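Novice: Here you go, sequence then predicted model.
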Amino acid sequence: MSEVEPRTEAGDVLTEVIMRTFRLYGGFLEAAEVMTKPVGLTAAWWQVLGAVLRQPLPVSGIAREMSLTRQSVQRIADLLVEKGLAEYLPNPAHKRAKLLHPTPAGYEAVSRLAEAQHAFTNRISAQVDLDDLRTTLRVMERLVHALETEA
């Protein structure tokens, strides 16, 4: 049996960051479910719609952007289309990989979330120093980059 490399102090801290990130993600998902329910969405539907608000994307592009599986995004995209919240558009770059785009009803559903979402983020962010939030964002971006270059 090979000897396990001891974890560094930075590795210990990153492990704690990962554990808190899981807890934070769970809390954010729970809050998103509460916010989306009154407008007839789910957190997952909101996440996929949010990915295509600025520009239509193929399912594979949404999955890559959100670090989700293509299959799970495909299921959600098909549901959004079935519910009239999104539509598939032709993709000039790829015949079979259609682009997902919100319908007016999809844009409306997301815009109805704005008040609840703004109130939530304002309440939570008021409890943390703005400079700390900016530092957190920078560190998260560096961690994402490190993960992406690791693969």
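Specialist: Arrived safely.
Novice: buried sites along the top helix by length along the chain?
Specialist: For the chain, the longest helix by residue count, based on DSSP state H, is helix 9-36. Buried residues in helix 9-36, counted by 16 or more other Cβ atoms under 10 Å: 31-32, 35-36. (Glycine included, C-beta is placed from N, CA and C.)
Novice: Just want the angle from the helix or strand in which residue 48 is found to helix 9-36.
Specialist: Following DSSP states H and E, one finds residue 48 within helix 43-51. Interaxial angle of helix 43-51 relative to helix 9-36 (axes from the mean of the first three to the mean of the last three Cα atoms, to 10 degrees): 100 degrees.
Novice: Please state the offset of helix 43-51 from the chain centre?
Specialist: Centroid separation between helix 43-51 and its chain, computed with Cα atoms, centre = their mean, to the nearest Å, is 7 Å.
Novice: could you say what helices and strands it packs with?
Specialist: When contacts are defined as 3 or more Cβ pairs under 8 Å, 6 or more residues apart in numbering; DSSP states H and E, helix 43-51 sits against helix 9-36, helix 59-66, helix 70-82, helix 104-125.
Novice: Relative to residue 53, which of those helices is closest?
Specialist: Closest approach to residue 53 among these (Cβ to Cβ): helix 104-125, 6.5 Å.
Novice: Kindly export the closest one (C-alpha atoms) in CSV.
Specialist: Once side chains and other backbone atoms are set aside, the C-alpha atoms of helix 104-125 remain, and they are given as CSV (Å, rounded to 0.1, in the frame of the first residue of the first chain):
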residue,chain,number,x,y,z
PRO,A,104,-41.8,36.3,-23.7
ALA,A,105,-43.4,34.2,-20.9
GLY,A,106,-39.9,33.0,-19.9
TYR,A,107,-38.6,36.5,-19.7
GLU,A,108,-41.7,37.5,-17.7
ALA,A,109,-41.3,34.7,-15.2
VAL,A,110,-37.7,35.6,-14.6
SER,A,111,-38.5,39.3,-14.3
ARG,A,112,-41.2,38.5,-11.7
LEU,A,113,-38.4,37.0,-9.6
ALA,A,114,-36.4,40.2,-9.5
GLU,A,115,-38.1,41.7,-6.5
ALA,A,116,-37.7,38.6,-4.3
GLN,A,117,-34.2,38.0,-5.6
HIS,A,118,-33.0,41.6,-5.0
ALA,A,119,-34.5,41.6,-1.5
PHE,A,120,-32.8,38.3,-0.7
THR,A,121,-29.4,39.3,-1.9
ASN,A,122,-29.7,42.7,-0.2
ARG,A,123,-30.6,41.1,3.1
ILE,A,124,-27.7,38.5,3.0
SER,A,125,-25.1,40.9,1.6
